[in-house]
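Colleague: Got a sequence here, can you model it:
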Amino acid sequence: MNSLELSKLLELSMSLSRLSLAQEGREVKQYAKSLLSALSQSVTADAIAILYGDQHALTILACNGLSADAVGRQFLLSEQPRLMSIFESDELVSFPANSNLPDPYDGLLLAEESRLPVHACMGFKVALQSSALLVTFDSLKPDSFEHLSDVYMKTLQTIVSSSALRMFEAERLYEQARSLTHTQSQKSVKKQILVGESAVMHSLKSEIELVAGSEFNVLIQGDTGTGKELVAKHVHFNSQRNDKPFVQINCAALPDSIAESELFGHKKGAFTGADKDRLGKFAAADGGTLFLDEVGELSLTLQSKLLRVLQSGEVQAVGADRIHIVDVRVVAATNRNLKEEVKRGKFRADLYHRLSVYPLFVPPLTERLDDIPLLVGFFLEQLRGTLNAKQVVMDRQALSRLMHYDWPGNVRELEHCVSRAALKAKHQQWQANIIEIHDIDIEPKHNQQKRQADRLIKEEKAGPITMKLAVELLQKDMIVNAMERNGLNWSAAARELEMDRANLVRLAKRLGLDVKKQMS
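Modeller: Numbers count the residues shown, from 1 in each chain. Model prediction:
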């Protein structure tokens, strides 16, 4: 080991010692970012990544030199032989520059030449009980790491391992790290991940962690498409009831004629068509959690019956004589302002207070724009399997456009937008292993406003435009846009526009819109 290497190792050791003292009790991802910064001073590379996971899958906690959407991507070890080799070894693993093993970061490098046909790659593992940290180094220069001595890299690995082990011994950090482990099937785990590192998402995650361990009823509020169902699942799976049923029901899809039966069950012969006994959602969720999505859509009649169950825990099926006691935690969600609904007499005040023992607010995407690269990476990783591609990536210009859009449909609209773009790119690049997304079919908010203004000007040039016509044109645009954002669902569009569904359909008919195109 030469004097320069020795100096770098001493500096790394001192940096990580200071880091351990300063970071104790802080988040795993924050520690990973600080560790990454220290490693960047010790090894010169085009890309360095720190991953966490188990024998099934790894997730990037921090990286430099990779695209912004790389953080949060999940890599299944069964599909990534390089990462598998590093995970299975206790020593530093270096790959030949001309290795034909696929590289997990192919297409994700920020360097001008993002493809990795011939390059230097190495990495090592830090074993953490049943999980591990992996540190990987990549360089576009094939001989970039050859000057590093074996003793230098082995000592570096020892220093990093010692620091990481000290940090992960802290119980709170270890518990947070465990929540990142993906030991279930990829699909089921992804449904439970709350993607985001913005301040508002950190606050939401802290609130969830706080309330999940209690038995309080929870009211989740937020705009359409923000991820309220995901928050509800997170509350359940982080509670003491996590091994019990999680039952959900969409209250907006419950006509009064069947709502009572759906919620509380019915006996055979209770009404026409009741040819057998049926458990209601409350009975099905006994011992677990019942998620009432769009609870603000319940009629006042149903609200009173729901209140009775929440007050007493007693459920009586339609047509039954006996009353059953159920042990159910209720988590409800709405995109309505229920306080205002209470004032307007549309929602019972006593039910509101029963449901909102602990309210949670899910922020709109416009309040967490910094999370867009993480969300995009998450969606692209899901699409990779769907499109049967080695990698799906998005160029910087396309990502920049996503960052400058106002996202009225929030995360759901972003997911659909990315999915459409990926599908179109796949169609154009059907022979490629790496699908590159260049085009995004959105326009910035100011362009939408300009388009509406241009339309009014065009109408005015054709002849004098009245205030009534201007209002009708605006109403048409708002209805069409709301329907597109909500998948042609009239009920969802009505909720977004804060209108009664029937009134919205009547208005659309009057404006000459086709009301037969609907999904509900």
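
Colleague: quick one, helices of the stretch 401-520 of the chain?
Modeller: In the stretch 401-520 of the chain, the helices defined using DSSP state H, counting those that start in this stretch lie at 410-428, 445-461, 467-485, 490-496, 501-510.

Colleague: Of all those helices, which one comes closest to Leu355?
Modeller: Taking CB to CB, helix 490-496 is the member of those nearest to Leu355, at 17.6 Å. Every C-beta, even on glycine, is put in place using the N, C-alpha and C of the backbone.

Colleague: Quick one: residues in contact with that closest one.
Modeller: The contact list for helix 490-496 (CB atoms under 8 Å, 6 or more residues apart in numbering) reads 223-224, 252-253, 294, 297, 335-336, 408, 479, 482-483, 485-486, 500-501, 503-505, 515, 518, 520.

Colleague: re earlier: I'd like the helices of the stretch 401-520 of the chain laid out as a markdown table, including distance to Thr158.
Modeller: Converted to a markdown table, those look like this (distance: least, CB to CB, whole Å):
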| stretch | distance to Thr158 |
| --- | --- |
| helix 410-428 | 41 |
| helix 445-461 | 52 |
| helix 467-485 | 54 |
| helix 490-496 | 56 |
| helix 501-510 | 65 |
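
Colleague: Tell me which of those helices sits most buried.
Modeller: Burial of the helices of the stretch 401-520 of the chain is given as mean neighbour count (mean count of other CB atoms under 10 Å); helix 490-496 ranks first at a mean of 23.

Colleague: Only the C-alpha atoms, please, for that one, written as CSV.
Modeller: Extracted in CSV, the C-alpha atoms of helix 490-496 (Å, rounded to 0.1, in the frame of the first residue of the first chain):
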residue,chain,number,x,y,z
TRP,A,490,-68.2,9.8,-14.2
SER,A,491,-68.4,9.3,-10.4
ALA,A,492,-64.7,10.0,-10.0
ALA,A,493,-64.8,13.0,-12.3
ALA,A,494,-67.8,14.4,-10.4
ARG,A,495,-65.9,14.1,-7.1
GLU,A,496,-62.9,15.9,-8.5
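
Colleague: Let's verify Lys8: helix, strand, or coil?
Modeller: Assigned by DSSP: H, G, I helix; E, B strand; the rest coil, the conformation of Lys8 is helix.

Colleague: Kindly report the same for the one 10 residues further on.
Modeller: Each residue gets one of three states, and Arg18 gets helix by three-state DSSP.

Colleague: can you start the count at 579 instead of 1 from here on
Modeller: Sounds good: first residue 579 from here, last item Arg596.

Colleague: As a check, name the ranges of all helices in the stretch 679-828 of the chain.
Modeller: With DSSP H, counting those that start in this stretch, the ranges of helices along the stretch 679-828 of the chain come out as 728-747, 749-758, 764-768, 777-790, 806-815.

Colleague: still on that earlier bit, out of the helices of the stretch 979-1098 of the chain, which is closest to Asp905?
Modeller: Nearest to Asp905 among these is helix 1068-1074 (31.4 Å), distances taken as CB to CB.

Colleague: ok, now how distant is Gly1090 from Asn1067?
Modeller: According to CB to CB, to the nearest Å, Gly1090 and Asn1067 sit 20 Å apart.

Colleague: repeat for Ser882
Modeller: Between Ser882 and Asn1067 the distance is 28 Å, computed by CB to CB.

Colleague: more crowded one of those two?
Modeller: Higher neighbour count among Ser882 and Asn1067: Asn1067, with 19 against 13, using other CB atoms under 10 Å.

Colleague: Ramachandran coordinates for the more buried one?
Modeller: Per-residue torsions, Asn1067: phi -100, psi 110 (degrees, to the nearest 10).

Colleague: ok, now Pro937?
Modeller: Main-chain torsions, Pro937, degrees, to the nearest 10: phi -80, psi 140.

Colleague: Looking at strand pairing, list the partners for it.
Modeller: Taking DSSP bridges, one finds Leu797 as the beta-bridge partners of Pro937.

Colleague: Check Val908 too.
Modeller: Residues in a beta bridge with Val908, per DSSP bridges, are Leu868.

Colleague: Would you format the helices of the stretch 979-1098 of the chain as JSON lines with mean pLDDT included?
Modeller: As requested, the helices of the stretch 979-1098 of the chain are exported to JSON lines (pLDDT from 0 to 100):
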{"stretch": "helix 988-1006", "mean pLDDT": "91"}
{"stretch": "helix 1023-1039", "mean pLDDT": "53"}
{"stretch": "helix 1045-1063", "mean pLDDT": "81"}
{"stretch": "helix 1068-1074", "mean pLDDT": "84"}
{"stretch": "helix 1079-1088", "mean pLDDT": "87"}
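
Colleague: where are the low-confidence patches of the stretch 879-1028 of the chain?
Modeller: 1021-1028 (pLDDT under 70).

Colleague: can you pull out the strands in it?
Modeller: Counting by DSSP state E, counting those that start in this stretch, the stretch 879-1028 of the chain has strands at residues 892-893, 902-903, 907-912, 936-939, 969-972, 1012-1015.

Colleague: list the contacts for the residue nearest to Ile903 when sequence neighbours are not counted?
Modeller: Leaving aside its chain neighbours, Ile903 sits nearest to Gly891 (5.4 Å; criterion: CB to CB, 6 or more residues apart in numbering). Applying CB under 8 Å, 6+ apart to Gly891 gives the contacts 903-906.
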